[in-house]
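**Q** Please find the sequence and the predicted model below.
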Amino acid sequence: MRRIILPAVLVLLLWPTVSSARNTDRCWLSLGVVGGPAVFTEPELKDEFNIPVQFELELKYYLWKPFSIAGTFGYLYGEGRPLRAEWHQQWVNYDGHGVSFWRGYTFGVLGRIEIGRYWRVNPYLGGGFGGAYNSVERSGKLKGSAISDSNGEYVFQYPTLVGFDFLLNKVIAIRLEGRWTFMPTNDSFTDERRFDFWSALIGLQFYF
C-alpha cells in the first residue's frame, strides 16, 4: 500500500510545477454533486452487501488560497443477501439467503488542500468528520417461517480523500475522488462491526 500512496502524494505535491495551463476560474464558492460504488472493509458486511453506492451533495467555500472547507449531505444504499439475522436478541441462521437493505443518511464537514486550485487540473487531498444515521433491514425464512429484523443508530463518520477536478469551462468541472470512510458502530445489529468502506466517486463541480 505504501508503494501506491507515497508516489501518489508526490505527484500531487509536484503537479503545479509541471502543469502548463494556469487558470483563475475557481472562485470562492462552489456546489458539487458526486456518486459511485463502495466496498465494505469488514468481510461479513462485504459478502452481504455486494456493491453499495454513495451519493453526496456539497457546498464548498475557499478559506484562503489552496485551503477549502465544505458542508456535505449524503445518501448510502445497499441491497444484500444475508445468511443470518438477529432474532429475539440472538443471532439465527436463515434456511438460505435472505434479503437485506442498508440505508445511510450522512452529513459532515470536509477540509481540502487544493494544490492545483489555480490550474485547469486541480489535484487535492483532505479529510473530515461528521455523523450518519444507518439502518439495516433483514428478512428471510427460519424453519419455513418468515422472520425479519431491523434496527438503526446514529454514528460518527471520518472520511479521508484524494482526488482532482478538471475545468471544462469557467463554471463546470469534472470531479473524480477516492475515499476511505471510518464509521464505527456500537449496535448489535451489525454484531458490533464497523461500517468502514472505500468508495470511488465521480461527478460535477459548479463554480460561482
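**A** Sure thing, it's come through.

**Q** how about the strands of this structure, start to end?
**A** For the chain, the strands defined by DSSP state E cover 29-40, 53-64, 67-80, 84-87, 90-93, 99-114, 121-142, 145-167, 172-182, 197-207.

**Q** And the ones you listed: which comes nearest Lys46?
**A** strand 29-40 (4.3 Å; CB to CB). (Glycine included, C-beta is placed from N, CA and C.)

**Q** Identify each buried residue in the closest one, please.
**A** Neighbour counts using 16 or more other CB atoms under 10 Å place Ser30, Gly32, Val34, Gly35, Gly36, Ala38, Phe40 of strand 29-40 among the buried residues.

**Q** Now do the nearest residue to the last one once chain neighbours are set aside: how many residues are near it, please.
**A** The reference is to Phe40. The shortest distance from Phe40 to any non-neighbouring residue, by CB to CB, 6 or more residues apart in numbering, is to Lys46 (4.3 Å). By the measure other CB atoms under 10 Å, the count of residues near Lys46 is 15.

**Q** I'd like the distance between Lys46 and Val39.
**A** For Lys46, the distance to Val39 equals 6 Å [CB to CB, to the nearest Å].

**Q** Gly78 too?
**A** 10 Å.

**Q** Between these two, which contacts overlap?
**A** Counting by CB atoms under 8 Å, 6 or more residues apart in numbering, the common neighbours of Gly78 and Val39 are Ile51, Pro52.

**Q** Which residue, neighbours along the chain excluded, lies closest to Tyr75?
**A** Nearest non-adjacent residue to Tyr75 (CB to CB, 6+ apart): Phe55, at 4.8 Å.

**Q** List the contacts of the one you found.
**A** Val33, Val34, Gly35, Gly74, Tyr75, Leu76 are the contacts of Phe55 under CB under 8 Å, 6+ apart.

**Q** Could you rerun that using 10 Å?
**A** Contacts for Phe55 were tallied using CB atoms under 10 Å, 6 or more residues apart in numbering; they are Val33, Val34, Gly35, Gly36, Phe73, Gly74, Tyr75, Leu76, Tyr77, Thr106, Leu201, Gly203.

**Q** and it, what pLDDT?
**A** The predicted structure scores Phe55 at 98 on the pLDDT scale.

**Q** on that earlier part again, need the overlap of contacts for Lys46 and Val39.
**A** Common contact partners of Lys46 and Val39 (CB under 10 Å, 6+ apart): Pro52, Phe197.
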